[in-house]
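Asks: Give me the fold of what follows.
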Amino acid sequence: MTMGRPKKELDKDSFEKLCGLQCTLKEFEFFFNVDRKTLFRWCKDTYGETFSSVFDLKRQAGLISLRRIQFQQAEKSAAMAIFLGKNYLGQSDKDDWQRKQGDKLLELKEKKTEQEDW
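Replies: Model prediction:
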């Protein structure tokens, strides 16, 4: 009976932490010193799912952590508070185009009023 190379064992906790850090596939390969085929096979054996599926799920911890940091920064930074307001609350600065449109509308109303007075 022929024996192949021993199976490469990867640390599950380290894998999940790298997912949370949004690491690239190349970074996973470098960290574990394996090629992508080994990484893909390990995910199937360990989680019963593809690398992409596991990565998408496990990266959520990193996104939660990033969001927490952003909210903490918003308490100290007006710029971060504005960024979060625009991105999560739909707030916006009136841009020049909107102001110009408002000015034009006001001019038209004034002209109409002047014409009615004649």
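Asks: Lowest-scoring secondary structure element of the protein by mean pLDDT?
Replies: Ranking every helix and strand in the chain by mean pLDDT, DSSP states H and E puts helix 96-117 at the bottom, with a mean of 68.
Asks: in this protein, which segments are predicted with low confidence?
Replies: 1-2, 95-102, 112-118 (pLDDT under 70).
Asks: go again using 50 as the cut-off
Replies: Within the chain, no stretch has pLDDT under 50.
Asks: For the residue nearest to Lys12 when sequence neighbours are not counted, pull up the helix or strand it's in.
Replies: Counting by C-beta to C-beta, 6 or more residues apart in numbering, Lys12 lies nearest to Thr46, which is 6.4 Å off, once chain neighbours are set aside. Where C-beta positions appear, they are placed from N, C-alpha and C, glycine not excepted. According to DSSP states H and E, Thr46 maps onto helix 36-47.
Asks: Just the CA trace of that helix, in PDB.
Replies: These are the backbone C-alpha positions of helix 36-47, laid out as PDB (Å, rounded to 0.1, in the frame of the first residue of the first chain):
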ATOM      1  CA  ARG A  36      -4.500  27.000  -2.600                       C
ATOM      2  CA  LYS A  37      -5.500  23.400  -3.400                       C
ATOM      3  CA  THR A  38      -4.400  22.300   0.100                       C
ATOM      4  CA  LEU A  39      -6.300  25.200   1.600                       C
ATOM      5  CA  PHE A  40      -9.400  24.400  -0.400                       C
ATOM      6  CA  ARG A  41      -9.200  20.700   0.500                       C
ATOM      7  CA  TRP A  42      -8.700  21.600   4.200                       C
ATOM      8  CA  CYS A  43     -11.800  23.800   4.200                       C
ATOM      9  CA  LYS A  44     -13.900  21.000   2.700                       C
ATOM     10  CA  ASP A  45     -12.600  18.500   5.200                       C
ATOM     11  CA  THR A  46     -12.900  20.800   8.200                       C
ATOM     12  CA  TYR A  47     -16.100  22.800   7.500                       C
END
